[in-house]
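J.: here is my input, please return the structure:
(2 chains)
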Amino acid sequence: MVPAQVETIGLRVAFGPVVAVEQLDLAVQPGTAVALVGRNGAGKSTTLRVLAGVLPPTAGEVRIAGIDVTRDPAAAKAQVGYCPDVGGLIPRATPWEHLALAAKLRGLRPGWQERATSLLDRFDLLGAANRITAGFSHGMGRRLSVVLAALHSPTVLLLDEPFDGVDPLGVEATLEVIAEARAAGAAVVVSTHLLALAVACCDEAVVLRGGRVVGAAPATQLAGPVGEQHYRSLLS
Amino acid sequence: MNRAQLPELVRLRWRMVRSERVRLGLLLLAALLPGLLCGAVIAGQLAPRGASLDTTLLAPTAFLGFAVLALVAPLAAGGGNELFPPDQLVAFPLRPSTDFAASLLVAPLNLAWMSQFVVLFGVTSFVTAPGRGDYGLGLALVTTLVYVSVVTTAGQAVAWAVIGVRQRARGRQAVWLLAAAIAVAAVAIVRYHAGRAVLDRSPTAPVVHAVLSGGNEQLGPWLSCTATLAALLVVFVRVGNRTCAWALRRPGDGHRSHESRPRQRRPDRKGELAALLQVDRANVWRSAPLRRGLLVLTLVPGLVAAGAALEWASLAVVPALVTAGAGLLFGVNMFCLDAGGATWLASLPCRPRLAIVSKIVVLGETVVGSALIAAIAGSLRTQGSPTAADVAALLGCVVSCTMFVLATCARLSLTRPGRAELRGNRDTPAPPAAMAVYSIRLATVTTLIGLVFGQAARLDSWLVPAVFTTAITVLGGLSLARSLRRWDDPASRASVVAAVSSG
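T.: Residues are numbered from 1 along each chain as shown, chains lettered A, B, ... in the order given. Presented below is the predicted three-dimensional model:
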């Protein structure tokens, strides 16, 4: 069996007395996409932050491409492309400066500029590449965050609310990026409240409630009115 | 309506202070001012009378100095002070008069304002000789209190008016022209030694006369001036309410044009640290409040020192004060520069220390740069050539204060992080009360360091300043090392990132 690119075993994240994630077991195979769905405060963003190496787990094991994120966080982060849930952008840096910084810190070879330009073009951000992001709309910021996550063609793509406030063309571009990443063998984890889009881009959906997994099923089972009814029953 | 809104805003701000230690510090700060005022009054009464005539002659200058401070401080801070950043209360139907009242409430949270207020009370007490009557001192203090209220209210009203004027390009040009004209006038006054003539015609002379009349229990002259001041206070409150309302409803054109302007691409840096430094430096220079703060910090203290023609040994106080101010620009919450981008940065595969080292280097550049410019400006009219001890004291003071500011700012940034956009003209890296506490912490120590180096310069040996510098640098270095170790802990790092990126 192919080893999972993303694997959590008994993941627990607590902020003092508040437990955000409890006993989360997750495995995402290469070339597949998993949607994390659930109500606000279910633990989706916290899980993605842990997978991205931004937040240390309180307990449990987390492996990215076989690398333990607590033991070798830099190596794990090198495999990951992460789009945070809110903001995610330095307010007085331009998109191009974000990309150049990412390229430098990720050690990308010369030539990254072509891919960066292509991604900016695809997300309709080329005209704004040299403007500071403080003046961006919410949707522009979301699109740029996806571009930054995809720049280095990561083996693990983590997208937290990538469709939030994004126009249809931006949604289309994001779906294309996810499809390309999967085709290249990357494992993709998408957190979203938009069930239809989760169904459209993912193989499996994991439903979280109160930091615990309350259901996991092929994404297609959550499609349509029947799937939505099933999803709502899991949320409550 | 205001009576209902303002207390609610204050209560909300108080509830947002989560740390018991910070709450205690704020309560102590609140108790400090009345305590210092009482101390100044008692000291003024008990002090020997030998120099009372000189003090009486200089009192109008002290009162004028306070008026200048009350006008300049809110302008230097980008306009009228605010209890909350404007974007945090957009959903609430706050009246402009509440905003103005809040700005008056926050105005005293300024170390310079508080210290000058204490000085004015001390001067009032000193020129009001004891034993002249039962209530003379009380009358004199009432006049001073009303005067302080009038000029503070006028300062906030002017600041709100300037905010309104600056909403448009022509208004901004007009404000710059006015500032330049004032600077030229100040330089001309100093250059042609007209300072004494100007001060002799100080408009505050009648106020001091009323203070003296009150002290002598001459009710007629005291009442006429104090009543006039009280009437002015009412007028400025009304004018302030109106200018605040006008400024808040006037559409702006500067903010967006600045943010939507394309920036020139810079060549890629070779190393990881150099790449981070490039972004952090741009983050500072592209922030309107930081640019304005740097300009004020580097020019005003240096020009004031040049005007006063300080002697070399006394010059050390200038960079000492400037370093504290530079730390307050963004250093006390240095990771707020990244705002929401902090989460993304934390996901990049580089050594975590690079992020904090980059911030410390940029803060160090800011602090040292402003201190040196202020010191050079201050030395323009210094008499004679400096001795080796003077130079050692001045440079030692810059190095020592910089190390202290860096160490304190790194510690505060890790223990008290918070979200701050530093986008609008009046944005600060921390809430108003916290900024007041931080300014006291920084300015008190850096001033002491400046005074110590000033005394060391008089010993006529470069060795003493060198020893002081080494000792303070080592202590600062140890504190910085502790902060770096704290940053190395992933949990501490994650809490800072969460605080600055999401509030």
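J.: residues in contact with the helix or strand of chain A with the lowest mean pLDDT?
T.: Within chain A, no helix or strand scores below helix A:224-235, which has a mean of 86 by mean pLDDT, DSSP states H and E. Residues from elsewhere that reach helix A:224-235 (C-beta atoms under 8 Å, 6 or more residues apart in numbering or on different chains): A:37-39, A:195, A:199, A:207, A:209, A:214-215, A:220-222. In this view, the C-beta of every residue, glycine as well, is placed from N, C-alpha and C.
J.: that helix: which residues count as buried?
T.: Neighbour-count burial for helix A:224-235, counted by 16 or more other C-beta atoms under 10 Å in any protein chain shown, picks out A:227, A:231, A:234.
J.: among the contacts of helix A:224-235, which ones are buried?
T.: So, of the contacts of helix A:224-235, A:37-38, A:195, A:199, A:207, A:209, A:215, A:222 end up buried under the neighbour-count rule (16+ other C-beta under 10 Å).
J.: any chance of those residues in JSON lines, with pLDDT and distance to B:Val187 too?
T.: Rendered in JSON lines, the data for these read as follows (pLDDT from 0 to 100; distance: C-beta to C-beta, whole Å):
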{"residue": "A:Val37", "pLDDT": "94", "distance to B:Val187": "67"}
{"residue": "A:Gly38", "pLDDT": "92", "distance to B:Val187": "66"}
{"residue": "A:Leu195", "pLDDT": "90", "distance to B:Val187": "68"}
{"residue": "A:Val199", "pLDDT": "92", "distance to B:Val187": "71"}
{"residue": "A:Val207", "pLDDT": "94", "distance to B:Val187": "71"}
{"residue": "A:Arg209", "pLDDT": "93", "distance to B:Val187": "69"}
{"residue": "A:Gly215", "pLDDT": "88", "distance to B:Val187": "75"}
{"residue": "A:Leu222", "pLDDT": "87", "distance to B:Val187": "73"}
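J.: quick one: mark the members of these that sit in strands.
T.: A:37-38, A:207, A:209, A:215 (DSSP state E).
J.: just list the residues touching the residue of the stretch 401-503 of chain B at minimum distance from chain A, thanks.
T.: Per C-beta to the nearest C-beta, B:Pro490 is where the stretch 401-503 of chain B lies closest to chain A, at 4.1 Å. Contact analysis of B:Pro490 by C-beta under 8 Å, 6+ apart lists A:56, A:70, A:73, B:352.
J.: which one (most neighbours) among those residues?
T.: Among the contacts of B:Pro490, A:Pro73 has the most neighbours (other C-beta atoms under 10 Å in any protein chain shown), with 21 neighbours.
J.: tell me how far it lies from chain B.
T.: According to C-beta to the nearest C-beta, to the nearest Å, A:Pro73 and chain B sit 7 Å apart.
J.: quick one: residues contacting the closest residue to that residue other than its chain neighbours.
T.: Nearest residue to A:Pro73, sequence neighbours excluded (C-beta to C-beta, 6 or more residues apart in numbering or on different chains): A:Gly53, at 4.7 Å. A:Gly53 makes contact with A:64, A:69, A:73, A:76-77, A:80, B:346-347, according to C-beta under 8 Å, 6+ apart.
J.: give me that answer again for 6 Å
T.: Residues near A:Gly53 by C-beta atoms under 6 Å, 6 or more residues apart in numbering or on different chains: A:69, A:73, A:76-77.
J.: likewise B:Leu26?
T.: B:Ala433.
J.: switch the cut-off to 10 Å
T.: Taking C-beta atoms under 10 Å, 6 or more residues apart in numbering or on different chains, we find B:Leu26 in contact with B:14, B:17, B:19, B:109, B:433-434, B:436-437.
J.: in a helix, B:Leu303, correct?
T.: Yes: the assignment for B:Leu303 (DSSP: H, G, I helix; E, B strand; the rest coil) places it in a helix.
J.: state the distance from it to chain A.
T.: Taking C-beta to the nearest C-beta as the measure, B:Leu303 falls 29 Å from chain A.
J.: surely that residue is in contact with B:Ala185?
T.: No: assessed by C-beta atoms under 10 Å, B:Leu303 is found out of contact with B:Ala185, at 11.8 Å.
J.: who has more neighbours out of the two?
T.: B:Leu303 (18 against 12).
J.: ok, now how distant is the more buried one from A:Gln29?
T.: Taking C-beta to C-beta, to the nearest Å as the measure, B:Leu303 falls 68 Å from A:Gln29.
J.: tell me which element the residue of the stretch 151-300 of chain B found nearest chain A falls in.
T.: The stretch 151-300 of chain B approaches chain A most closely through B:Glu259 (3.2 Å), counting by C-beta to the nearest C-beta. When elements are assigned from DSSP states H and E, B:Glu259 belongs to helix B:254-260.
J.: before we move on, what about B:Ile356?
T.: Assessed by DSSP H and E, B:Ile356 sits inside helix B:352-378.
J.: shaky segments in chain B?
T.: Scanning chain B for pLDDT under 70 picks out B:1-3, B:50-53, B:78-81, B:86, B:131-133, B:253-257, B:503.
J.: ok, the residue in the stretch 201-350 of chain B that chain A sits nearest to - contacts?
T.: Closest residue of the stretch 201-350 of chain B to chain A, C-beta to the nearest C-beta: B:Gly340 (1.8 Å). Contact partners of B:Gly340, counting by C-beta under 10 Å, 6+ apart, are A:84-91, A:133, A:141, A:145, B:419, B:421, B:500-503.
J.: quick one on the thing from earlier: please name the spatially closest residue to the residue of the stretch 151-300 of chain B closest to chain A (chain neighbours excluded).
T.: Computed as C-beta to C-beta, 6+ apart, the closest residue to B:Glu259 that is not its neighbour in sequence is A:Gly135, at 3.2 Å.
J.: local confidence estimate at that neighbour?
T.: For A:Gly135, the pLDDT comes out at 89.
J.: ok, back up a step: redo the ones in strands among the buried ones among the contacts of helix A:224-235 as CSV? Include distance to B:Ala47.
T.: Listed next are these as CSV, based on distance: C-beta to C-beta, whole Å:
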residue, distance to B:Ala47
A:Val37, 74
A:Gly38, 71
A:Val207, 76
A:Arg209, 72
A:Gly215, 80
